[in-house]
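> Quick one, what's the 3D model for this:
(chains A and B)
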There are 2 protein chains.
Amino acid sequence: MKYTEGGVTAAKGFRAYGIHAGVKAGREKEDLALIACDLPCNAAGLFTRNRVKASPVLLDIETLRNGQAQAIIANSGIANACAPNGMKHAEEMQTIAAEALGISNDLVLVSSTGVIGQELFTECMKEHIGDLTAKLTDTPEGSDLAEKAIMTTDTVKKEFAVEFEISGKPVRLGGIAKGSGMIHPNMGTMLAYLTTDCAISVPMLKKALKAACDVSFNRISVDGDTSTNDSLIILASGLAENEMIAAEGEDYDQFLAALTDLCVNLARAMAKDGEGAKHLITCTVRNAESEEKAEVLAKSVIRSPLTKAAIFGCDANCGRVMCALGYAGENFDPDRTDIRFVSKAGSIEVVKDGLGLVFDEDLAERILSEDEVLIDVDLKEGGSEVTCWGCDLTYDYVKINGDYRT
Amino acid sequence: MKYTEGGVTAAKGFRAYGIHAGVKAGREKEDLALIACDLPCNAAGLFTRNRVKASPVLLDIETLRNGQAQAIIANSGIANACAPNGMKHAEEMQTIAAEALGISNDLVLVSSTGVIGQELFTECMKEHIGDLTAKLTDTPEGSDLAEKAIMTTDTVKKEFAVEFEISGKPVRLGGIAKGSGMIHPNMGTMLAYLTTDCAISVPMLKKALKAACDVSFNRISVDGDTSTNDSLIILASGLAENEMIAAEGEDYDQFLAALTDLCVNLARAMAKDGEGAKHLITCTVRNAESEEKAEVLAKSVIRSPLTKAAIFGCDANCGRVMCALGYAGENFDPDRTDIRFVSKAGSIEVVKDGLGLVFDEDLAERILSEDEVLIDVDLKEGGSEVTCWGCDLTYDYVKINGDYRT
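Residues are numbered from 1 along each chain as shown, chains lettered A, B, ... in the order given. The predicted model follows:
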C-alpha cells in the first residue's frame, strides 16, 4: 500500500470540483462541491447519532437504502439543520445536481455544513451548477477544490489517497474530509467522502466502512460536541476490475486494511486541525483487560478540558490525566497505572504505580512543546490496546466559537 | 427561613478559623482551615465518585462510618492525591488536629485540595496548629478565614447561612464551599462544609444530605472534569434543642427545605465562579416526560463547550443548544422544542417547534451580556422540570489551566 495524490479523484471513474456559489452572504471562499462518478456506484454511509439530524442527513439515509449512488453535492456556510423548509431545500439540491448530471435523483447524495437554524436557499446553486458540472475533473485539482468547498473553520486540507493490490489488481482509494469544531467520537461536524474503484458488494462495503470508522473517526474528539450533520460516505465504482469482494477473506482484509489506514489518517488530520488547536494529542491506553475499557479510558483523557488546557500550556500535569482516567467510569487499579509523555523531543515517565514522580520539568516542557504529543497509559492488567486522538484547548477555540455565526 | 451572616459559625457550638501555614512554597494566602464543634456531632458526608480518590477522601469515608465527627481540618495548595505517602500524611493531619483540640482521632475529618501528584508535608501544620486552635472563633470572621483557606482559583467567597424554625425552635444552618475548576455533576473539586445546630439522627442527616446534593451540587458543571478530592460534609451539633428528627415528617421537611436552599445557593455560586467564568448559565428544561430526562438534557446544554463559548461571546447561537440537546442521548421530539434566552435585560425566543427563528440580534446580545443568563427549553411533552447551572468557556479558563501547577 502506498500513499498517492488525488484524494477523491484518485480512483478510476471519479471527477470532482468546488466553486464559490455564494451560499452564505459575505463568505468569499469555495462553498459548493460536487463529486461524480461515470457510472452508478455501490455506496454506503454512516451518519450522526445526534437526535437532531439535519435535513440532508435524513435525505441521504433514505437515498442510500438501495445501496447505490453516483454523485455527492455538498455546501458549506449553512448547515440546513433546525432550519425552515429544510427537507425542501435538501431535495432541491438533489434535483439541481441530478438534472445537471443527467442522472436520477435517487443517485445523488446531499450534505450541508455551517450555521444551524438559518434557511438554506438554493438559487445560487441553480445558477452555478452548470459551471460546476462543466469543470468536473479527474485531476488532483478537482479533489482539492471539492475539499476547499466543504471546509468551514478548517485551516488545513484533509485529503489522502492510497493505491494497493487486491489479488494482483491495482486498486485505488481516496478521501477528503472537513472538521473542525464539534468533533467527537461517534462523529462531530465532520463530512468525509471516500471513493474507490474496488469492486465490492454493498453489504461488504457497509461492513468495512463501519469497522474502519469505529477505530478512526469514532476515536477522535475535539470538544465533545457531536453535530447534527456528520456524514461519512463511500462510493465504489468497481472499475479496478478486481474480482467482486462479496464475502470475508483475503481480498476483503486487504481492502479493509487500506480503508482503515486511510480513515485513521483523515481522522488524525481532523483532530490535529481541531478548532484553535496547537497540539495533536494522542492517547494510547495499553495492557488493558479489554479493548472497550481501553477505549473509554483513552477517550476520557482526550476529552478532558483540564488535560487539554494543560497540554496547550506545555504543562506536564499528570494529575489531570489520572483524574480523567478516574472519572471515565471504568474499573481499573490506579495504584498500578503508569503514565508517560512522549514526543519527537523524547519520553518522560510522570506517574509510576499511581504516584506522581519528580521529573525533569525542562525536558517535560520540551516534549510537550512539539506539535504532536503522545500520552501513554499502561494499566498493566491485560493485553488490549487502543489509541484515540484529540487536540488541546486554546484561546483560539474560545475565540472562534465565541462569535461563530458572524 | 431567612439568610443571615456567619457561614459555618452561624450554628450554635461551632468555631472556625483559617491561617497561612505554608503548605505549598511560594503561596502567600491562608491555606489551613479548622472547623470545630464544642461537642461530638452527628455527621454525614458525600465524596467523589472518581475511581482515583485522594487519601483524605479515603480516610474520611472510614472515619464517618460511625456517623460522628467534631472537627474538620483542611488545606489548600496540595491535593494529596496520587502522591507519595498520601495516607500517612492524611493521618498525620488528623492526629495534629485531634491532639490540638484534645479529642480522639476518629472525630476529625481531613480534606486537601490543590495540585495532584505532589507530596504533602505536614511539618508546617504541626508548627501552626497551636496558633490556629487558639484563634478559633464563633464570629463570622472565623468562617470567613476558614473559607479563604480552602480557596484555590476561586475569586469569590461562597458562604451562606440560614435561620429557620422547626416546631417553633430557631435552628441555624450554614456552609462554606470552594470550587472552581473540575466542577461537574457528581461533584468537581469542590469542598463544602455545612454545620447546623439542628438535632437530627445520623440516618436522617445522611438522607437529607443526599437529597439536597442531588438537586444542587450534582446539577452544576464547570468543565466536565470530576476531581479526586470532592467532599461535602455536614456536622449537626443538636444545640438548637429541637426535638430530635429521627423520621420523615414536617420537621424533616423543614430541615430538608432549608438544606436544599442553602446547597443550591452554594452550588450556583460555585458555577458562577467557575474558572475564568464571565457568565452564570442556568438551563431549565421544562415540560419533560420525566425528571431524569430533563436532567440529562439540561446537563448536556450546560456542559457543551460550543454553547459555553457562544455565551461567552454573547452570541445567541441557538444551533449550539439544539445540538447539545440532540446528542444528550435522550429521546425527545426536536420538532416540538422551543428555546428562549432570558436575563434581566429581557427574554427572546430563538427556536420555535425545532426551527431557528429570525430574531432581534441587538436585543439578543443585550440579553446575553448580563452576567446571569437562562436558557429555557420547553419540550412540550410532560410535566417535569429540572434546572442545572454552569458557566461560560473563556480565554481565562484556558489561561488558568494552561499553567496551573506553577
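
> Now A:Ile150: closest residue in space that isn't a chain neighbour?
Spatial nearest neighbour of A:Ile150, excluding adjacent residues (C-beta to C-beta, 6 or more residues apart in numbering or on different chains): A:Lys178 at 4.6 Å. Glycine gets a C-beta too; all of them are placed from N, C-alpha and C.

> The one you found contacts A:Gly114, correct?
No: applying C-beta atoms under 8 Å as the test, A:Lys178 and A:Gly114 come out as separate, 10.6 Å apart.

> more crowded one of the two?
Neighbour count, other C-beta atoms under 10 Å in any protein chain shown: between A:Lys178 and A:Gly114, A:Lys178 has more, with 27 against 24.

> show me the residues around the more buried one that make contact.
Shown in contact with A:Lys178 (C-beta atoms under 8 Å, 6 or more residues apart in numbering or on different chains): A:76, A:113, A:147, A:150-152, A:154, A:158, A:189-192, A:270.

> any idea which of those residues is closest to B:Cys82?
Of all the contacts of A:Lys178, B:Cys82 sits closest to A:Met270, with 32.0 Å by C-beta to C-beta.

> Who does the residue nearest to A:Ile150 form a beta bridge with?
Note on A:Lys178: beta-bridge partners by DSSP bridges are A:Leu191.

> What pLDDT is listed against the residue nearest to A:Asn105 when sequence neighbours are not counted?
Leaving out its chain neighbours, the residue that sits closest to A:Asn105 by C-beta to C-beta, 6+ apart is A:Ala98, at 4.6 Å. Listed pLDDT for A:Ala98 reads 98.

> again, but for the one 5 residues further on
We note a pLDDT of 98 for A:Ile103 in this prediction.

> Using the three-state scheme, assign A:Gly274.
For A:Gly274, the assignment made with DSSP: H, G, I helix; E, B strand; the rest coil gives coil.

> Can you list phi and psi of it for me?
With angles defined as degrees, to the nearest 10, A:Gly274 sits at phi -60, psi 150.

> For it, give its distance to chain B.
Distance from A:Gly274 to chain B, counting by C-beta to the nearest C-beta, to the nearest Å: 11 Å.

> quick one on the thing from earlier: any shared contact partners between A:Lys178 and A:Gly114?
A:76, A:152.

> element containing the nearest residue to A:Trp389 once chain neighbours are set aside?
Of all residues not flanking A:Trp389 in the chain, A:Ala271 sits nearest, at 4.0 Å (C-beta to C-beta, 6+ apart). Assigned by DSSP states H and E, A:Ala271 belongs to helix A:250-272.

> List the buried residues in that helix.
Buried residues in helix A:250-272, counting neighbours by 16 or more other C-beta atoms under 10 Å in any protein chain shown, are found at A:251-252, A:254-256, A:258-272.

> ok, now stretch A:287-301?
Under 16+ other C-beta under 10 Å, the buried positions of stretch A:287-301 are A:287-288, A:293-301.

> Now, the residues you listed that are in helices?
A:293-301 (DSSP state H).

> now those as JSON lines including pLDDT?
Formatted as JSON lines, these follow (pLDDT from 0 to 100):
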{"residue": "A:Lys293", "pLDDT": "96"}
{"residue": "A:Ala294", "pLDDT": "97"}
{"residue": "A:Glu295", "pLDDT": "95"}
{"residue": "A:Val296", "pLDDT": "94"}
{"residue": "A:Leu297", "pLDDT": "96"}
{"residue": "A:Ala298", "pLDDT": "96"}
{"residue": "A:Lys299", "pLDDT": "93"}
{"residue": "A:Ser300", "pLDDT": "92"}
{"residue": "A:Val301", "pLDDT": "94"}
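
> Could you find the two of those that are most distant from each other?
Top of the distance list for those (C-beta to C-beta): A:Lys293 and A:Val301, 13.1 Å.

> who touches both of the two?
With C-beta under 8 Å, 6+ apart as the test, A:Lys293 and A:Val301 both reach A:Val285.

> before we move on, back to that, identify the residues contacting the residue nearest to A:Trp389.
By C-beta under 8 Å, 6+ apart, the residues touching A:Ala271 are A:179, A:183, A:220-222, A:277, A:280-281, A:389-391.

> Sort out for me which of the residues you listed are in strands.
Those of the contacts of A:Ala271 mapping onto strands are A:220-221, A:280-281, A:389-391, per DSSP state E.

> sorry, back to before: identify, from the ones in helices among the buried residues of stretch A:287-301, the entry nearest to A:Glu92.
The shortest gap between A:Glu92 and any of those belongs to A:Lys299, at 38.4 Å (C-beta to C-beta).

> do you know how far the nearest residue to the closest one once chain neighbours are set aside is from chain B?
Excluding the flanking residues, the one nearest A:Lys299 by C-beta to C-beta, 6+ apart is A:Cys388, at 5.3 Å. Computed as C-beta to the nearest C-beta, the A:Cys388 to chain B distance reads 16 Å.

> if we can go back for a sec, the residue nearest to A:Asn105 sits in which helix or strand?
Going by DSSP H and E, A:Ala98 is in helix A:86-101.

> For that helix, list every residue counted as buried.
By 16+ other C-beta under 10 Å, the buried positions in helix A:86-101 come out as A:86, A:89-94, A:96-98, A:100-101.

> now those in JSON lines, with distance to B:Pro305?
Shown next, in JSON lines, are those (distance: C-beta to C-beta, whole Å):
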{"residue": "A:Gly86", "distance to B:Pro305": "25"}
{"residue": "A:His89", "distance to B:Pro305": "29"}
{"residue": "A:Ala90", "distance to B:Pro305": "28"}
{"residue": "A:Glu91", "distance to B:Pro305": "33"}
{"residue": "A:Glu92", "distance to B:Pro305": "33"}
{"residue": "A:Met93", "distance to B:Pro305": "30"}
{"residue": "A:Gln94", "distance to B:Pro305": "33"}
{"residue": "A:Ile96", "distance to B:Pro305": "35"}
{"residue": "A:Ala97", "distance to B:Pro305": "34"}
{"residue": "A:Ala98", "distance to B:Pro305": "38"}
{"residue": "A:Ala100", "distance to B:Pro305": "39"}
{"residue": "A:Leu101", "distance to B:Pro305": "39"}
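
> tell me the two of the residues you listed that are most distant?
The span of the buried residues of helix A:86-101, defined through C-beta to C-beta, is set by A:Gly86 and A:Leu101 at 23.1 Å.

> What's opposite A:Leu32 in the beta bridge?
Counting by DSSP bridges, A:Leu32 is bridged to A:Ile19, A:Asn75.

> Under the pLDDT cut-off, which ranges of the stretch 201-350 of chain A? List them.
Applying pLDDT under 70 to the stretch 201-350 of chain A flags the ranges A:222-226.

> how does it look with 90?
Applying pLDDT under 90 to the stretch 201-350 of chain A flags the ranges A:218-230, A:270-278, A:303-306, A:309-310, A:313, A:315-320, A:323, A:327, A:329.

> Spell out which parts of it neighbour chain B.
The interface of the stretch 201-350 of chain A toward chain B, taken as C-beta under 8 Å from any C-beta of the partner chain, is made up of A:223-228, A:303-306, A:309-310, A:312-313, A:315, A:317-320, A:322-328, A:330-332, A:334, A:350.

> Now the buried members of these.
Neighbour counting by 16+ other C-beta under 10 Å classes A:223-228, A:303-306, A:309-310, A:312-313, A:315, A:317-320, A:322-328, A:330, A:332, A:334, A:350 among these as buried.
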